[in-house]
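Enquirer: mind looking at a prediction? Sequence and model below.
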Amino acid sequence: IFTIPTHEPHRSWLTKHALRDMFFFALPAGMAVLGGKLNPQIDKYVVGLFYDETALGLYGFAAWELPLVTMIPYAIGAVMQARYAKMFHEGKHEPMRQLWLATIRKTEVLVLPLAMMFIALAEEAMVLMFGPEQRAAAPIFQIFTLTMLQRVTAYGPMLQSIGETRSLLVTSTLLLATNLILSYPFTMWFGM
């Protein structure tokens, strides 16, 4: 009833040229992800240079992005990426742009109220998440949460969809370099 193939079927995608193309497409995106993981850690090392362990601990509790709020735009971007890529390759550039903008508007409905809630309830959030001894971290947490008001989309999936992975690498490198260059003098001038 069943026949067993005597040889492995030919994999037309498994060629040196195809593997090289996949590697050079994925490398900039992977480096951008690595930069995105390193970037939020730089300020913590700089604060560690200027302050004692108690202040660094306080800063460490406060200076983080709420995972739920940041996860929403990135999850939506990942889900929509295949659709964006299909539309781009079909030449439907304007409908793709309209879909992206509509997705941003829908994401704003979730992200903005959540971020505003955590800004307003920063002190309570610090106490609830880390205990009463971290109450003083609330103002720093509010400043970090303010940055989430502009986090209503993930640009990476869109850039990957249109084949602009090099742009991801360039912007990630510039962001990392800017953070490295400015963190030290700004911490020295303004404090943590």
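Expert: That came through fine. A quick note: this is a predicted structure, and the numbers were derived from the prediction, not measured.
Enquirer: excluding covalently adjacent residues, which one is nearest to the spatially most central residue of the chain?
Expert: Central residue of the chain (C-alpha atoms, centre = their mean): residue 36, 6.1 Å from the mean position. With C-beta to C-beta, 6 or more residues apart in numbering as the criterion, residue 36 has its nearest non-adjacent residue at 6.3 Å, and that residue is residue 172. (Each C-beta comes from the backbone N, C-alpha and C, glycine too.)
Enquirer: so how far is residue 29 from that neighbour?
Expert: From residue 172 across to residue 29, the span is 9 Å (C-beta to C-beta, to the nearest Å).
Enquirer: and residue 40, by the same measure?
Expert: Residue 40 is 18 Å from residue 29, by C-beta to C-beta.
Enquirer: more neighbours, those two?
Expert: residue 29 (19 against 13; other C-beta atoms under 10 Å).
Enquirer: next up, the contacts around the more buried one.
Expert: 156, 160, 165, 168-169 (C-beta atoms under 8 Å, 6 or more residues apart in numbering).
Enquirer: can you redo those as CSV with secondary structure, distance to residue 129 and neighbour count?
Expert: What follows is these, written out as CSV (DSSP: H, G, I helix; E, B strand; the rest coil; distance: C-beta to C-beta, whole Å; neighbours: other C-beta atoms under 10 Å):
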residue, secondary structure, distance to residue 129, neighbour count
156, helix, 28, 22
160, helix, 33, 22
165, helix, 36, 20
168, helix, 32, 22
169, helix, 34, 19
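Enquirer: thought residue 159 was touching residue 169?
Expert: No. The criterion here is C-beta atoms under 8 Å, and residue 159 misses it with residue 169 at 9.9 Å.
Enquirer: which parts of this structure are helices?
Expert: 16-50, 53-62, 67-89, 93-120, 122-130, 138-146, 155-161, 165-190 (DSSP state H).
Enquirer: looking at these, which is buried most?
Expert: Most buried of the helices of the chain, by mean neighbour count (mean count of other C-beta atoms under 10 Å): helix 155-161, with a mean of 21.
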